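A.B. asks: Curious how this folds, go ahead:
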Amino acid sequence: MSTFVLVHGAWHGAWCWEKVTPLLEDAGHEVVVPDLPGHGEDATSVSELSMQDYADRVVRVLDEQPEPVVLVGHSMGGLVISLAAEARPDRVKKLVYLTGFLLEDGKTLLSVAENDGEAIVLPNLVPNEDGSAFTVNNIKEVFYGDCSHDDVARAQTRLVPEPAFAFGTPVAVTEGNFGRVPRAYVECVGDRAIGISAQRGMREKLPCETVVSMGTSHSPFFSAPEELAGHLVALA
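C.D. replies: Below is the predicted model of the structure:
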């Protein structure tokens, strides 16, 4: 049995894993679902945060576990788990990128998004008054294309503004730490937040030992939780 640490993406919180967590637990696994600072039930002001704070939150979770974990990152959470693995490579059994940003050293989330002709996130970003954070219009089309009306409505009430630093902070990883942790990728073919070509392009530069393909939108934790949980168990 494994311990899974599930890291949500931008705008979301630990709540997005609510359908997947019990499925993994029913299969006998331990599951930890942290809120990144400023997300979910964590009320830290975004003005006080940095990408390092996101990574530090996950590193603390890794340090609290009795054994190395399967560390799963969705979307922007992919960047966060890379940083956490860089800091604690011996605490991670495997990295799993769920339609996640798998970035080379020095690259930013924005550097991928700007060249992603299949994604519709950037045209739907809405900055706050000082440009320090963004919300998203048309969330059904962007994130939840194949999700139920009820799931979309519930998510709408829980999404939070995402700080601008999430898009422009370069990832800092090395081959000696991050690079020695086994990694897998779960691609989502119908994704409009990170297009399938962008997902595959990132893997061309940083190959993964295992790739699983799902025919879903950006949010299989809502639209296909049983299938997703099955893939995670198999990858573990």
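A.B. asks: what mean pLDDT does the helix or strand where E187 lies have?
C.D. replies: Per DSSP states H and E: E187 is located in strand 183-188. The pLDDT scores in strand 183-188 average 98.
A.B. asks: Give me the residues contacting that strand.
C.D. replies: 94-100, 102, 194, 196, 199-200, 203, 206, 208-218, 220, 228, 231-232, 235 (Cβ atoms under 8 Å, 6 or more residues apart in numbering). Yep, even glycine has a C-beta here, placed from its N, CA and C like the rest.
A.B. asks: Make a ChimeraX selection of the buried ones in those.
C.D. replies: Buried subset of the contacts of strand 183-188, written as a ChimeraX selection, criterion 16 or more other Cβ atoms under 10 Å:
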select :94,95,96,97,98,99,100,102,194,196,199,203,206,208,212,214,216,217,218,220,228,231,232,235
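A.B. asks: Which members of the contacts of strand 183-188 occur in helices, if any?
C.D. replies: Per DSSP state H, helices hold the following members of the contacts of strand 183-188: I196, Q199, R200, R203, P220, L228, H231, L232, L235.
A.B. asks: just those now: which is nearest F178?
C.D. replies: For the ones in helices among the contacts of strand 183-188, the closest approach to F178 (Cβ to Cβ) belongs to R203, at 15.1 Å.
A.B. asks: Looking at strand pairing, list the partners for the nearest residue to that closest one once chain neighbours are set aside.
C.D. replies: Nearest residue to R203, sequence neighbours excluded (Cβ to Cβ, 6 or more residues apart in numbering): Y185, at 5.7 Å. Counting by DSSP bridges, Y185 is bridged to Y97, V211.
A.B. asks: what's the single longest helix in the protein?
C.D. replies: Max-length helix for the chain by DSSP H is helix 51-64.
A.B. asks: Please point out which parts of that helix sit buried.
C.D. replies: Under 16+ other Cβ under 10 Å, the buried positions of helix 51-64 are M51, Y54, A55, D56, R57, V58, V59, V61, L62.
A.B. asks: same thing with stretch 32-47?
C.D. replies: For stretch 32-47, the neighbour count (16+ other Cβ under 10 Å) marks V32, V33, P34, D35, L36, P37, G38, H39, G40, V46 as buried.
A.B. asks: Out of those residues, which comes closest to F143?
C.D. replies: Lowest distance from F143 to those (Cβ to Cβ) belongs to H39, with 14.7 Å.
A.B. asks: I figured the closest one hits W15, correct?
C.D. replies: No. If you go by Cβ atoms under 8 Å, H39 and W15 don't touch, sitting 9.2 Å apart.
A.B. asks: Report the beta-bridge partners for the residue nearest the centre of the chain.
C.D. replies: Geometric centre of the chain, nearest residue: H74, 2.0 Å, by Cα atoms, centre = their mean. When assigned by DSSP bridges, H74 has beta-bridge partners L98.
A.B. asks: Please consider this matter closed, and thank you.
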